[in-house]
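1. structure for the following, please:
(one chain, ligands or ions: 2)
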Amino acid sequence: MIDVNGVKVGGEQLVVMAGPCSVESLDQLREAAQAVKAGGAHFLRGGAFKPRTSPYDFQGLAEEGLKLLRQVADENDLRVVTEIVDKDDIELVGKYADVYQVGARNMQNFQLLKALGKVKKPVMLKRGLSATISEWLNAAEYIAAGGNENIIFCERGIRTYETYTRNTLDLSAVAAIKELSHLPIIVDPSHGTGRWQMVQPMARAAVAAGADGLIIEVHPHPEVALSDGDQSLTPKNFNLLMSDLGKIAEVMGRKI
Ligand code: PEP
Ligand code: MN
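-> Ligands and ions are numbered 1, 2, ... in the order given. Alright, predicted model coming up:
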């Protein structure tokens, strides 16, 4: 069980992290944070350093984005999870975040993993785009070997031959991690499918598979999002998802 300033990940309570893909502005983030808080989320997510496929796409607001995350999360009593892409930013990101997110593209950035092993703050380790479960466990081992055992796994889909979805969400990874590790695992149905219409069904399935929580992209106006609008839920749909999940959580002996 990982304690994030009073929010426990891996216990009876399912933990929900939600918010936009990227921090874009104070207004956007505040609207998202108020919506996810009202829906029952525990964490505000949002990227300030974005690892984009194209160098011409929005790269994130950097420290300005981190400041907005902290401010708006505090206004709404939410914890902050945000991505770190460079080991030299550990101090900077740590000043504002409660959990460091290691993105899929950095799962085997061993210098970053080793550096995160030297801090105490929890790390959410996303599965690499084409990483096996064994490679993923070894990546976590890099962090743990340095002394930081506060690690949360996050299944976010893997690359397969299927093109209808952005990635193929591998829910068998939840069962595998439960068998192989004592650490908690959450599921990201947003990146796992790439399509907002599929987020709710896959969130349900993740909870039924035994996940300890979810990370979900929510944007107040997905149609104008600077990244990942196609997979972002509106506040209304996030609310629907959260009320729906209660029933499955109960069957699983969990709370949401
Ligand atoms: C994200 O969470 O916005 C993100 C970039 O995720 P991933 O590393 O899983 O692609
Ligand atoms: Mn995203």
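
2. right, and residue 212 touches residue 16 too?
-> No. Counting by C-beta atoms under 8 Å, residue 212 sits too far from residue 16 to count as a contact (10.5 Å). Bear in mind the C-beta positions are built from the backbone N, C-alpha and C, glycine included.

3. residues of the stretch 101-250 of the chain that sit close to ligand 1?
-> 103, 104, 105, 126, 156, 191 (C-beta under 6 Å from any ligand atom).

4. residues near the residue in the stretch 51-200 of the chain positioned nearest to ligand 1, how many?
-> Using C-beta to the nearest ligand atom, the single residue of the stretch 51-200 of the chain nearest to ligand 1 is residue 103, 3.0 Å away. A count of nearby residues for residue 103, using other C-beta atoms under 10 Å, gives 23.

5. what do you get for residue 117?
-> Counted with other C-beta under 10 Å, residue 117 comes out at 18.

6. list the contacts of it.
-> Applying C-beta atoms under 8 Å, 6 or more residues apart in numbering to residue 117 gives the contacts 142, 143, 144, 145, 146, 147, 148.

7. and the helix or strand encompassing residue 115, what does it pack onto?
-> Using DSSP states H and E, residue 115 maps to helix 110-116. Helices and strands touching helix 110-116, as assessed by 3 or more C-beta pairs under 8 Å, 6 or more residues apart in numbering; DSSP states H and E, comprise strand 99-102, helix 133-145.

8. neighbouring contacts of the helix or strand containing residue 38?
-> Per DSSP H and E: residue 38 is located in helix 26-39. Contacts with helix 26-39, where a contact means C-beta under 8 Å, 6+ apart, come from 16, 18-20, 23, 44, 46, 68-69, 71-73, 75-78, 218-221, 235, 238-239, 241-242.

9. coming back round to it: the more surrounded of residue 212 and residue 16?
-> residue 212 (27 against 23).

10. check the residues of the stretch 101-250 of the chain next to ligand 1 for burial and list the buried ones.
-> For these, a burial check counting by 16 or more other C-beta atoms under 10 Å picks out 103, 104, 126, 156, 191.

11. could you list which residues are in contact with the closest residue to the last one other than its chain neighbours?
-> Right, residue 191. Closest residue to residue 191 apart from its sequence neighbours, by C-beta to C-beta, 6 or more residues apart in numbering: residue 156 at 4.4 Å. Taking C-beta under 8 Å, 6+ apart, we find residue 156 in contact with 104, 126, 127, 167, 169, 187, 188, 191, 192.

12. show the contacting residues for residue 222.
-> Contacts of residue 222 by C-beta under 8 Å, 6+ apart are 196, 229, 230, 232, 233, 234.

13. perfect, that will be all.
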